[in-house]
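**Q** model this:
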Amino acid sequence: MSPNGKSDEQWREQLTRDEYRVLREGGTEAPWKGEYVDEKRTGVYRCRACGSELFASDTKFDSHCGWPSFWTPMAGEKVRLLEDVSLGMKRTEVRCANCDSHLGHVFYGEGWDNPEDARFCINSISLTLEPVSGDAAE
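**A** Here you go, the predicted structure:
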């Protein structure tokens, strides 16, 4: 059971196969293919699995990495950071603190021009955007 009490079977029923692979199995979507890579609308990005508010659009920036990038979550308790040593490298995995779904990874100290010098590199398939009413795509 996940932290919010859902069984693996319930997650499989709720999520598409691709969503399940990323959110529940820690997969990664292909770069430049996600729906939010070039998104410009104002709003709140929520966890696709549980709906928890994760990132505000005003912290999104173009890092040219192929995935939506944010410099900070909405609040520290919204995400959990875990050491990830898979793929022969040390990274920091980002998970939803509410439902424990895999979101992506965060990288620090790369010289980004933002207050945290951070790049939360998040899979589009892990998110849903709740746009501000009346905000059209640019």
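
**Q** give me the low-pLDDT residue ranges for the protein?
**A** 1-4, 134-138 (pLDDT under 70).

**Q** make it 80
**A** 1-5, 76, 87-89, 112-115, 133-138 (pLDDT under 80).

**Q** where along it do the strands fall?
**A** 43-47, 53-56, 60-61, 69-70, 79-84, 91-96, 102-108, 118-122, 127-131 (DSSP state E).

**Q** Tell me the buried residues in stretch 18-27?
**A** Glu19, Tyr20, Arg21, Val22, Leu23, Arg24 (16 or more other Cβ atoms under 10 Å). Where you see a C-beta, it was placed from the backbone N, CA and C, and this is true even at glycine.

**Q** actually stretch 66-79, not the one I wrote
**A** Trp67, Pro68, Ser69, Phe70, Trp71, Thr72, Pro73, Met74, Lys78, Val79.

**Q** Dump those residues into a markdown table; add distance to Arg46 as well.
**A** Formatted as a markdown table, the buried residues of stretch 66-79 follow (distance: Cβ to Cβ, whole Å):
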| residue | distance to Arg46 |
| --- | --- |
| Trp67 | 17 |
| Pro68 | 13 |
| Ser69 | 17 |
| Phe70 | 13 |
| Trp71 | 18 |
| Thr72 | 16 |
| Pro73 | 12 |
| Met74 | 10 |
| Lys78 | 10 |
| Val79 | 12 |
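
**Q** quick one on the thing from earlier: highest average neighbour count across the strands of the chain?
**A** strand 69-70 (a mean of 26; mean count of other Cβ atoms under 10 Å).
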